[in-house]
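> Task: produce atomic coordinates for the following.
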Amino acid sequence: ACQLREAGLAAPEPLAVLGAPGDSALVSRYVDGVGPWGLAPGARERLLACLAGEIARLHAAGFRHRDMKASNVLLTRMEAEIQLVWIDLDGLAWRGTVEPHVRARDLARLCTSFASAEARAAGVRADAWPELVRRYLASALGRPPDAHELERLLARTRAWSERNIRRHLAAD
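Next comes the predicted model:
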């Protein structure tokens, strides 16, 4: 949390760590917000812009989030601007450089959230994921992605997400 905050990324203010290394819990200041599917339906464009931009900033700062899913992002300041606060930081790691395959894996985990019943119930349409990936690439590359770049990342994230969903359904 401290590293994220030092890099200009939002995370709850850490107050204490309880326990021993390997078996500890982080106590942080409470942040009032909602998950991505708790936003008003009219906030779709702002949601996609916020998610795409903050994920690109996270990766550009050298961090990866192995558990990037809807329940691990909190959204605040919903009047004029949405701010993403990273929560549940167990899966977060600073790598220095986040390779393209790691970026795709992080995004694929979020793709699974976009395919969830909760997302559909909140009005998230099927075209939301391609739009988020397009915006992510534009932020990460500093230019609009070409069709090949977009299709390649979409295919990778969807394939991993579908395998993950099948694996979880088989375990149930």
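
> from memory A56 sits against Y136, does it?
Yes: judged on CB atoms under 8 Å, A56 makes contact with Y136 at a distance of 5.6 Å. Just so you know, the C-beta spots here come from the backbone N, C-alpha and C atoms, and that holds for glycine as well.

> Looking at those two, which is more packed in?
Legend: neighbour count by other CB atoms under 10 Å for A56 and Y136, higher for Y136 (25 against 19).

> which secondary structure element contains the more buried one?
Assigned by DSSP states H and E, Y136 belongs to helix 128-141.

> contacting residues around the longest helix along the chain?
Looking across the chain with DSSP state H, the single longest helix is helix 147-171. With contacts defined as CB atoms under 8 Å, 6 or more residues apart in numbering, helix 147-171 is touched by 104-105, 107-109, 111-112, 115, 129-130, 133-134, 136-137, 141, 145.

> swap in stretch 30-40?
By CB under 8 Å, 6+ apart, the residues outside stretch 30-40 that reach it are 12, 46-47, 51, 70-71, 73-76, 78, 82, 85, 87, 113, 118-119, 121-122, 124.

> Helices - which of those land there?
Going by DSSP H, the helices hold R46, L47, L51, S113, E118, A119, A121 from these.
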